[in-house]
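1. Following is a predicted model, sequence given first.
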Amino acid sequence: MGMKWEDFVAKHKKAFVEHWFEDVVLTYPEETVRFIKSEKNPFLNPVGAAIKEGIEGVVDWLVVGYGESKEEEGAEEEDSGLVTFLDRIIRVRAVQEFKPSEALRFIQSLKRVFRKLLASSDDEIEGGELEEFDSVVDEVMLKALDIYSACREQLYELRVQEVKNRTFRLLQRAGLVYEISGEEAGQEGRE
């Protein structure tokens, strides 16, 4: 008799994390890949640390959190653990020069990693479990898309605010901005 997909991921968790980390890292340029893989200090390699921590958290959620969210009413909308760990990876990728499809492709590689590990093991999974796993990965992709969109929106807002601040400073330097003092503001309100 086969096992559930959650049990398979739990049994092969270390290999799952390693293979998935490898897939994510290989989306970067070759020089960056070497650095991310070689530098273990999280302060010197914050990108690698964020990716590794995020991947480990998502895999933990797959093993434990997904089952809990299925059982709890309303937890499917929450999935705060999943969102927290996805955010660590996606926030990094959202500020880099990835197209949206490239930034989120690492989620789809979960399916490939699962199949690769399944093919190389003696384990069997129950009928329908592969489709169930694919469905869960698709749900994770949708959450990732929401996170990515929110991150990009925040970046655009920051850029707009920076342009406004620069324009104001230029107008100030040119003497084209007149600041109203507290007394003058009060007199204008009374008139």
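-> Right, received. Where do you want to start? Numbers count the residues shown, from 1 in each chain.
2. Would you enumerate the residues in contact with residue 125?
-> Contact partners of residue 125, counting by CB atoms under 8 Å, 6 or more residues apart in numbering, are 2-5, 8, 118. Bear in mind the C-beta positions are built from the backbone N, C-alpha and C, glycine included.
3. As JSON lines, these with secondary structure would be great.
-> Shown next, in JSON lines, are those (DSSP: H, G, I helix; E, B strand; the rest coil):
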{"residue": "2", "secondary structure": "coil"}
{"residue": "3", "secondary structure": "strand"}
{"residue": "4", "secondary structure": "coil"}
{"residue": "5", "secondary structure": "helix"}
{"residue": "8", "secondary structure": "helix"}
{"residue": "118", "secondary structure": "helix"}
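4. For those residues, work out which two are farthest apart.
-> The largest separation in the contacts of residue 125, counting by CB to CB, is between 4 and 118 at 12.7 Å.
5. quick one: the helices in the chain?
-> 5-11, 13-25, 30-38, 46-60, 66-71, 75-78, 80-94, 100-120, 129-173, 182-190 (DSSP state H).
6. Can you redo those helices as a markdown table, where the extra columns are mean pLDDT and mean neighbour count?
-> Shown next, in a markdown table, are those (pLDDT from 0 to 100; neighbours: other CB atoms under 10 Å):
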| stretch | mean pLDDT | mean neighbour count |
| --- | --- | --- |
| helix 5-11 | 94 | 19 |
| helix 13-25 | 95 | 18 |
| helix 30-38 | 90 | 13 |
| helix 46-60 | 93 | 20 |
| helix 66-71 | 61 | 14 |
| helix 75-78 | 49 | 11 |
| helix 80-94 | 89 | 20 |
| helix 100-120 | 94 | 17 |
| helix 129-173 | 88 | 14 |
| helix 182-190 | 58 | 9 |
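7. quick revisit: could I get the contacts of residue 125 as CSV with distance to residue 135?
-> Converted to CSV, those look like this (distance: CB to CB, whole Å):
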residue, distance to residue 135
2, 17
3, 17
4, 13
5, 10
8, 15
118, 16
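8. which one among those gets closest to residue 165?
-> Nearest to residue 165 among the contacts of residue 125 is residue 5, at 50.1 Å by CB to CB.
9. That closest one against residue 111, yeah?
-> No - in this structure residue 5 lies outside contact range of residue 111 using CB atoms under 8 Å: 11.1 Å.
10. Lovely, talk soon.
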